[in-house]
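1. Attaching a predicted model along with its sequence, questions to come.
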Amino acid sequence: MTWTCDQIEARLSDYLEGLLPAADATEFERHVKDCPDCAPLVASVKRVVGEMRSMESLEAPPGLIYKILDQTLGRREQVTGWQGLWNFVRGLGTPKFAYGAASVMATCFIVLSASGLSLRKPKLADLHPASVYRNVDRQAHLAYARSVKYVSDLRVVYEIQSRLRQDENQLQVAPEEHAPNGTTEKKPGQGDDQTHAQPNQQNRANELARQVQLLAAECPLMLERSLR
Amino acid sequence: MRRHTRRVYSVCYRFVGNRTEAEDISQEVFLRVYRTLASYRSAHGGFATWMTSVTRNLLIDHYRRTKRDRLTDSLDDAMPVVESKESSARRPDQQALLGELGGQVQSALTRLSPELREAVILRDLQQLEYAEIRQVLGVPEGTVKSRINRGRIELARILQQMGVRPS
């Protein structure tokens, strides 16, 4: 079937939107290829459609929404003078504002403390950039040293505790190991096991005391805390 | 709210080609929607489609209201078209005023008949489906397709008259 120019025009959008069957699309393209009138028309329409599809949705003017709200929900009340001031003051008493103000104050306090500013005796010289930098640097080093010391102390305490626990376990296990032997496997001529266990326990207790003394020599303060 | 405002304003501006009028009609649309919200039924389509339908009705009303003004000005309107046809290559300043192809398309859109214009705007600018356009315009789908096709061809011809050639 040979297509006419009128048919091309009538089916142009179907062709552009891919709604034509394959055979019809082939005939369409064959006609357009050889027709001096239809070729520029198809090219123009294709370009216009492509341009419109790529055009972005327009932004509404900024005041349009408020105009619409005024028209539909009514004009907002314009509060001025003392009433406006009272509304502002009343707004300061809301929990939301109080929470925000407290957060800001806490943040300021932390920042000022970190920068080394004395709130009891504030000096103008403390606000000098070099002095602020020096204070912040000093505070940072102090904080770092404290944290390192704290971690080190904790390590010593845990070490002492673990050693004490280990020795307590050994002291508890030792009698259990000897008790069954004494009751079930009593060999003729063998004496009581307790007579042999006592020197072992004494040795372990001595060893424990020696270790504790050694650690106490390293860190007497920590020993004091651990004993408490 | 912002999304609906943007869409309604966009349709209005594309149809009338004038910011102030588009803004006024957009306000009218929301006022109408606010007053007739009770008559909206979800069975008749989505809220956006219903709102587009209200917009379209108000645009047509506006077109009819201002028809007399346009007839008065028709002689003045015809002059630049003839001029641009004859001397578009000699007037680069006018071409610059028209802006890029988007601006020329907008200008050409306002010269289409309202039936073709609304169909092309809804399909190619708002990118609605045929079924949605059928609901908005209240005509059969075959008519919708026919109007879109004729609108596109007419638009391409107007652009050719304005001196825009296919690349």
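-> Cool, the structure landed. Residues are numbered from 1 along each chain as shown, chains lettered A, B, ... in the order given.
2. If you average the pLDDT over the top helix by length along chain A, what comes out?
-> In chain A, with assignment by DSSP state H, the single longest helix is helix A:129-184. For helix A:129-184, mean pLDDT rounds to 81.
3. And stretch B:122-130, by the same measure?
-> Mean predicted confidence for stretch B:122-130 is 91.
4. What of stretch B:141-148?
-> For stretch B:141-148, the per-residue pLDDT averages 94.
5. Stretch B:37-52 now?
-> 80.
6. Stretch A:46-63 too?
-> The model assigns stretch A:46-63 a mean pLDDT of 85.
7. List the contacts of that stretch.
-> A:16, B:2, B:5-7, B:9-10, B:13-14, B:19, B:23, B:26, B:101-102, B:105, B:120, B:124-125, B:127, B:152, B:155-156, B:159, B:166-167 (CB atoms under 8 Å, 6 or more residues apart in numbering or on different chains). Every C-beta, even on glycine, is put in place using the N, C-alpha and C of the backbone.
8. now stretch A:13-33
-> Outside stretch A:13-33, the residues that touch it by CB under 8 Å, 6+ apart are A:1-3, A:5, A:8, A:11, A:38-39, A:42, A:45-46, A:49, B:145, B:148-149, B:152.
9. Out of those, flag the one nearest to A:H141.
-> Using CB to CB, A:V49 comes nearest to A:H141 of the contacts of stretch A:13-33, at 69.8 Å.
10. Can you give the domain ranges for the chain?
-> As the question left the chain open, I've gone with chain A. For chain A, the structural domains run A:5-54, A:148-179+A:194-227, going by automatic domain parsing.
11. wait, chain B
-> Per automatic domain parsing, the structural domains of chain B span B:1-65, B:74-167.
12. Could you point out which residue ranges in chain B have low pLDDT?
-> Across chain B, the ranges flagged by pLDDT under 70 are B:43-44, B:70-99, B:166-167.
13. Can you name the residues of it that neighbour chain A?
-> Contact residues, chain B versus chain A (CB under 8 Å from any CB of the partner chain): B:1-2, B:5-7, B:9-10, B:13-14, B:19, B:23, B:26-27, B:30-31, B:34, B:101-102, B:105, B:120, B:124-125, B:127, B:145, B:148-149, B:152-153, B:155-157, B:159-160, B:165-167.
14. Of those residues, keep whichever come out buried.
-> Applying 16 or more other CB atoms under 10 Å in any protein chain shown to the residues of chain B next to chain A, the neighbour count classes B:5-7, B:9-10, B:13-14, B:23, B:26-27, B:30, B:101, B:105, B:120, B:124-125, B:145, B:148-149, B:152-153, B:155-156, B:159-160, B:166 as buried.
15. what's the host helix or strand of B:H4 packed up against?
-> Assessed by DSSP states H and E, B:H4 sits inside helix B:2-16. Using 3 or more CB pairs under 8 Å, 6 or more residues apart in numbering or on different chains; DSSP states H and E, the elements in contact with helix B:2-16 are helix A:64-73, helix B:19-35, helix B:47-65, helix B:101-109, helix B:114-120.
16. Give me the contacts around the last one.
-> The reference is to helix B:114-120. Contacts for helix B:114-120 (CB under 8 Å, 6+ apart): A:52, B:15, B:56, B:59-60, B:63, B:109-110, B:112, B:133, B:137, B:144, B:147-148, B:150-152, B:154-155.
17. again with the first one
-> Contacts of helix A:64-73 from elsewhere in the structure, counted by CB under 8 Å, 6+ apart, are A:76, B:1-2, B:5, B:9, B:23, B:26-27, B:30-31, B:34.
18. List the buried residues in that helix.
-> Counting neighbours by 16+ other CB under 10 Å, one finds that the buried residues in helix A:64-73 are A:64-65, A:67-68.
19. and the angle for that helix with helix B:19-35?
-> When axes from the mean of the first three to the mean of the last three CA atoms, to 10 degrees is applied, the directions of helix A:64-73 and helix B:19-35 differ by 40 degrees.
20. that older thread, could you write me a ChimeraX select line covering just the buried ones among the contacts of helix B:114-120?
-> Command for ChimeraX, covering only those of those found buried under the criterion 16+ other CB under 10 Å:
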select /A:52 /B:15,56,59,63,109,112,133,137,144,147,148,150,151,152,154,155
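21. For the domains of chain B, give me CSV that also has distance to A:V111.
-> Formatted as CSV, these follow (distance: least, CB to CB, whole Å):
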stretch, distance to A:V111
domain B:1-65, 38
domain B:74-167, 52
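22. Now B:R150. Nearest residue, chain neighbours left out?
-> The shortest distance from B:R150 to any non-neighbouring residue, by CB to CB, 6 or more residues apart in numbering or on different chains, is to B:L116 (5.7 Å).
23. Tell me how far the one you found lies from chain A.
-> Distance of B:L116 to chain A, given as CB to the nearest CB, to the nearest Å: 12 Å.
24. And that residue, how far from B:R157?
-> Separation of B:L116 from B:R157 (CB to CB, to the nearest Å): 12 Å.
25. who does the longest helix of chain A touch, helix- and strand-wise?
-> Against helix A:129-184 (3+ CB pairs under 8 Å, 6+ apart) you get helix A:95-114, helix A:194-218, helix A:220-227.
26. rank those helices by pLDDT, which is bottom?
-> Of all these, helix A:220-227 carries the lowest average pLDDT, namely a mean of 58.
27. Does A:I8 touch A:C35 like I think?
-> Yes: contact criterion CB atoms under 8 Å: A:I8 and A:C35 qualify, at 7.3 Å.
28. who's more crowded, the two?
-> A count of neighbours by other CB atoms under 10 Å in any protein chain shown puts A:I8 above the other of A:I8 and A:C35, at 20 against 16.
29. And the nearest residue to B:F30 once chain neighbours are set aside, what's its pLDDT?
-> Of all residues not flanking B:F30 in the chain, A:I68 sits nearest, at 4.4 Å (CB to CB, 6+ apart). pLDDT, A:I68: 83.
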